[in-house]
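Peer 1: this one's structure only:
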Ligand code: SF4
């Protein structure tokens, strides 16, 4: 179920081909974490096949000027979100804090629970953070006029098309941070239209500076992953200790609502994780009525999180397919050399060179937003 205005798929395939043909435009692309574990299904591979290299390779062959990774921006999201969480936790801030990277769920909250709009983190989603730094940091570094840049997103999600158009999520009145959003299914269609044989697409790597990422970013695509990634960073920042065991088992699993407690050196942090909008409604009603007291809540509108998104290859309600995609993302995390967002060298660099520090004025301008109290649907 897509809970936003994007109830039917508005395709931008023609617009993207036309931008790629326009030599006056610098066209960059970002790919969300969940796309790499589902795209291959459109070409007959088993659910959960990881095709990161082919994904980067085919986008380069299609003519994008730079192929970047939304996972970089997921690490950036954790830097901002963990900073905000620690600040709210230690300074009697507004609690609980809700994760805000799922536009389907954010719009649901704005309409259905307008009294709770202060709860979500003000951090933008990885898609929107990517667009903001692509058209500022990357553009300035490479002397590109952001008005002559086109940012394309490959997303597992229909609601991301709507998110890219939200005024409050764009950092300049002169252009959109993300110009076009293409779903995983639409990308498969473009690959077929262009006549590429998926089996023989060469594996390539993402480019930098917006292509390096950690295992923490990969798990953004599954339920429980954003909360776990935030905890990996918050734990080390609060305790100043190295977190040896980075997987928080209590946040894994498939139950529709999970509540876990994590001991951060004497401070017990209570976390709730929910996926699927029906379950989210129940959780929010309990929070509004004071029946549940937690510090951090991760919400994903789709079953299993983004791996089960409305723009992914159809799973026809078969949760085994979603589980295979989740396990594939866990494998990407487990085989990553770096598994904590704050250890990403490119993330350290962007703060040193441009954003100063998490939560800075510049970071707030580019990477944070606010939410609206809307009328009931
Ligand atoms: Fe989009 Fe679903 Fe992911 Fe939310 S959970 S961002 S609606 S794919």
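Peer 2: Great, that's in hand. What you see is a predicted model; the values in this text were computed from it and never measured.
Peer 1: can you give me the strands in this structure?
Peer 2: Secondary structure of the chain (DSSP state E): strands at 26-31, 66-69, 97-98, 149-155, 180-183, 257-264, 267-275, 296-300.
Peer 1: so can I have JSON lines of those showing mean neighbour count?
Peer 2: Placement of C-beta: from N, CA and C, glycine included. Output for the strands of the chain, formatted as JSON lines (neighbours: other C-beta atoms under 10 Å):
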{"stretch": "strand 26-31", "mean neighbour count": "25"}
{"stretch": "strand 66-69", "mean neighbour count": "25"}
{"stretch": "strand 97-98", "mean neighbour count": "25"}
{"stretch": "strand 149-155", "mean neighbour count": "26"}
{"stretch": "strand 180-183", "mean neighbour count": "25"}
{"stretch": "strand 257-264", "mean neighbour count": "16"}
{"stretch": "strand 267-275", "mean neighbour count": "20"}
{"stretch": "strand 296-300", "mean neighbour count": "27"}
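Peer 1: Up against the ligand, what does this structure have?
Peer 2: For the chain, the residues in contact with the ligand (C-beta under 6 Å from any ligand atom) are 102-105, 156-157, 159-160, 300-302, 305-306, 309.
Peer 1: So which of those sit within helices?
Peer 2: Using DSSP state H, the members of the residues of the chain next to the ligand that fall in helices are 103-105, 159-160.
Peer 1: re earlier: between the residues of the chain next to the ligand, identify the one with the most neighbours.
Peer 2: Of all the residues of the chain next to the ligand, the highest neighbour tally under other C-beta atoms under 10 Å goes to residue 306, namely 34 neighbours.
Peer 1: Correct me if wrong: that residue contacts residue 219.
Peer 2: No - assessed by C-beta atoms under 8 Å, residue 306 is found out of contact with residue 219, at 10.4 Å.
Peer 1: got the contact list for the residue of the stretch 251-377 of the chain found nearest the ligand?
Peer 2: Closest to the ligand within the stretch 251-377 of the chain is residue 309: 2.7 Å, counting by C-beta to the nearest ligand atom. Neighbouring residues of residue 309 by C-beta atoms under 8 Å, 6 or more residues apart in numbering: 34, 155-158, 184, 302.
Peer 1: before we move on, the earlier item: could I get the residues of the chain next to the ligand as a markdown table with pLDDT?
Peer 2: Formatted as a markdown table, the residues of the chain next to the ligand follow (pLDDT from 0 to 100):
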| residue | pLDDT |
| --- | --- |
| 102 | 96 |
| 103 | 95 |
| 104 | 92 |
| 105 | 90 |
| 156 | 98 |
| 157 | 96 |
| 159 | 96 |
| 160 | 96 |
| 300 | 95 |
| 301 | 94 |
| 302 | 95 |
| 305 | 97 |
| 306 | 98 |
| 309 | 97 |
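Peer 1: what's the spacing between the closest residue to residue 41 other than its chain neighbours and residue 225?
Peer 2: Using C-beta to C-beta, 6 or more residues apart in numbering and skipping the chain neighbours, the partner closest in space to residue 41 is residue 313 (4.2 Å). Distance, residue 313 to residue 225, by C-beta to C-beta, to the nearest Å: 20 Å.
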